[in-house]
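Asks: missing the sequence, but the structure's below:
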């Protein structure tokens, strides 16, 4: 609890000052008085030696207290019996008792022992006279009250400091735990975002390449070399698109990295699905000054359109799709209408596409609505605010 070096210095300096002042005439006179003074100081040193280990730990072992405190008490009795001036030993005894005892009750009992030794010393010095008794009572009583009051006050301050230190340690542990959980949540969200991007880009493109490759194989088997060559050329173009998409994922850029104009990107995506699935894709783009549209808003629109067209190709079984992209000062709207078989929107889905699209739109602050019933086709609508939050600057819990 405390540095014993400073205690060693304080006790040595205090005893040396008492010895010096005693020799200067403030203490006992005559050889017998000097011997008693020396004996008192030596006994006090012995008591300090027993109590000293408790200064570091905050509480000396019981057996050391049982030896050390009686030696200190005995030193005070001997010293005051030789000369009342040696009541100065109380200034060292009281703090030593409070520092080395384990609890307040033991400290108060030890302090009472020091006060009793002071009273006995005065009685012995004054040959049990009434004057000596009153001097002893006054000195012991005042010193005991002062020592106990000061000890309780300092103990309360020390306990308060320990409580504060414990609370700080608990808060530090809690902050570290929150930081660790935040990193884990951020990593999980990043994995989810990456999975969504891969599904909406590379997975869709690879699925298209598979269909086109199968078509080219069938065309070659039938001897339709010209048609197969055209299909293979489309495969080559889609492969380049897949490479561009992979680079875009690495750089966290838009799905069409080299095209900053939404209308051109939508048309390019529609042309790709015309080639892949033979769909009739009608595109209507009405943008009123898309210069104010963020790159991330374009990315959300293109990802949702890509997923919608892919669902038409894989599940709807339709022949035509109408794509409407509108933007004005209030926001952006994407509408995809197909003539396919439709589905029950309340039925549990096993795929990831629509759920991933809903997550992407929600992160952008928009809404996704699906109007469909079996055998009636599907109308998918995505509405985004014009100021879509940057995907690269989402809060930590969404984009670590």
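Replies: Everything's here; your move. Everything numeric here is computed off the predicted structure, so don't read it as measured data.

Asks: name the element the closest residue to residue 379 other than its chain neighbours belongs to?
Replies: For residue 379, ignoring the flanking residues on the chain, the nearest one in space by C-beta to C-beta, 6 or more residues apart in numbering is residue 371 at 4.3 Å. (Glycine included, C-beta is placed from N, CA and C.) For residue 371, the element it lies in under DSSP states H and E is strand 367-372.

Asks: measure residue 277 to residue 34 for me?
Replies: 116 Å (C-beta to C-beta, to the nearest Å).

Asks: So between the two, which is more surrounded?
Replies: Neighbour count, other C-beta atoms under 10 Å: between residue 277 and residue 34, residue 277 has more, with 20 against 17.

Asks: Quick check: closest non-adjacent residue to that one.
Replies: Residue 277 sits nearest to residue 313 (C-beta to C-beta, 6+ apart), 4.2 Å away.

Asks: Tell me who's in contact with the one you found.
Replies: Residue 313 sits next to 211, 273, 276-277, 279 when contact means C-beta atoms under 8 Å, 6 or more residues apart in numbering.

Asks: can these go into TSV with extra columns for secondary structure?
Replies: Converted to TSV, those look like this (DSSP: H, G, I helix; E, B strand; the rest coil):
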residue	secondary structure
211	helix
273	helix
276	helix
277	helix
279	coil
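
Asks: neighbours of the nearest residue to residue 276 once chain neighbours are set aside, just the number please.
Replies: Once flanking residues are discounted, residue 276 sits nearest to residue 208: 4.3 Å by C-beta to C-beta, 6+ apart. For residue 208, the neighbour count with other C-beta under 10 Å is 23.

Asks: Does residue 208 lie in a helix or a strand, and which?
Replies: Element membership for residue 208 (DSSP H and E) is helix 204-221.

Asks: just residue 321 next, same as before
Replies: Per DSSP H and E: strand 320-327 holds residue 321.

Asks: neighbouring strands for that strand, and are they parallel or not?
Replies: When pairing is defined by DSSP bridges, strand 320-327 lines up against strand 280-287 (parallel), strand 331-338 (antiparallel).

Asks: Which of the ones you listed sits closest to residue 15?
Replies: strand 331-338 (86.6 Å; C-beta to C-beta).

Asks: Quick one: mean pLDDT over the next helix or strand after the closest one.
Replies: Scanning forward in sequence from strand 331-338 by DSSP H and E, the next helix or strand is helix 353-363. Helix 353-363 carries an average pLDDT of 82.

Asks: How about stretch 8-19?
Replies: Averaged across stretch 8-19, pLDDT comes to 86.

Asks: Tell me the buried residues in that stretch?
Replies: Across stretch 8-19, burial judged by 16 or more other C-beta atoms under 10 Å covers 11, 14-15, 18-19.

Asks: so how far is it from its chain's centroid?
Replies: 50 Å (C-alpha atoms, centre = their mean, to the nearest Å).

Asks: do stretch 85-95 as well
Replies: With C-alpha atoms, centre = their mean, you get 51 Å for stretch 85-95.

Asks: Same question for stretch 275-289.
Replies: Counting by C-alpha atoms, centre = their mean, stretch 275-289 comes out at 48 Å from the chain centroid.

Asks: got it, and stretch 24-41?
Replies: The answer for stretch 24-41 is 65 Å, by C-alpha atoms, centre = their mean.

Asks: Let me see the contact set for residue 212.
Replies: Taking C-beta under 8 Å, 6+ apart, one finds 231, 234-235, 238, 275-276 in contact with residue 212.

Asks: Now with 6 Å, please.
Replies: Taking C-beta atoms under 6 Å, 6 or more residues apart in numbering, we find residue 212 in contact with 231, 234-235.

Asks: And the pLDDT at the residue nearest to it when sequence neighbours are not counted?
Replies: Distances taken as C-beta to C-beta, 6+ apart place residue 235 nearest to residue 212, at 4.9 Å, with adjacent residues excluded. pLDDT recorded at residue 235 is 78.

Asks: Could you shift the numbering so residue one becomes 517, and keep it that way?
Replies: Yes, from this point I'll number from 517; that puts the last item at residue 751.

Asks: Dihedrals phi and psi, residue 751?
Replies: phi -60, psi -40 (degrees, to the nearest 10).

Asks: Check the burial of it by counting its neighbours.
Replies: 20.

Asks: follow-up on the earlier one: which of the buried residues of stretch 524-535 sits closest to residue 701?
Replies: Of those, the one sitting nearest to residue 701 (C-beta to C-beta) turns out to be residue 527, at 57.3 Å.

Asks: helix or strand for the closest one, which one?
Replies: Residue 527 belongs to helix 520-537 when assigned by DSSP H and E.

Asks: contacts for that helix?
Replies: Taking C-beta under 6 Å, 6+ apart as the rule, helix 520-537 contacts 557, 564, 571-572, 604, 608.

Asks: So which of the residues you listed sits lowest on pLDDT?
Replies: Within those, pLDDT is lowest for residue 572, at 67.

Asks: related to what we said a few turns ago, of the contacts of helix 520-537, which belong to helices?
Replies: Members of these lying in helices (criterion: DSSP state H): 557, 564, 571-572, 608.

Asks: give me every residue that touches residue 639.
Replies: So residue 639 contacts 648, 652 (C-beta under 6 Å, 6+ apart).

Asks: need the next SSE after the helix or strand containing it, C-terminal direction.
Replies: Using DSSP H and E, residue 639 sits in helix 620-641. Next helix or strand after helix 620-641 toward the C-terminus (DSSP H and E): helix 646-714.

Asks: Just give me the neighbour total for residue 885.
Replies: For residue 885, using other C-beta under 10 Å, the count is 12.

Asks: my bad, residue 812
Replies: 22.

Asks: Kindly provide the distance from it to residue 843.
Replies: For residue 812 relative to residue 843 (C-beta to C-beta), the value is 14 Å.

Asks: that older thread, with residue 848 as the reference, measure out to the residue nearest to residue 793.
Replies: 24 Å.

Asks: Residue 525 now?
Replies: In terms of C-beta to C-beta, residue 525 sits 78 Å off from residue 848.

Asks: again with residue 573
Replies: Counting by C-beta to C-beta, the gap from residue 573 to residue 848 is 71 Å.

Asks: same check, this time on residue 606
Replies: 86 Å.

Asks: which of the residues in the helix holding residue 639 are buried?
Replies: 622-624, 626-627, 629-641.
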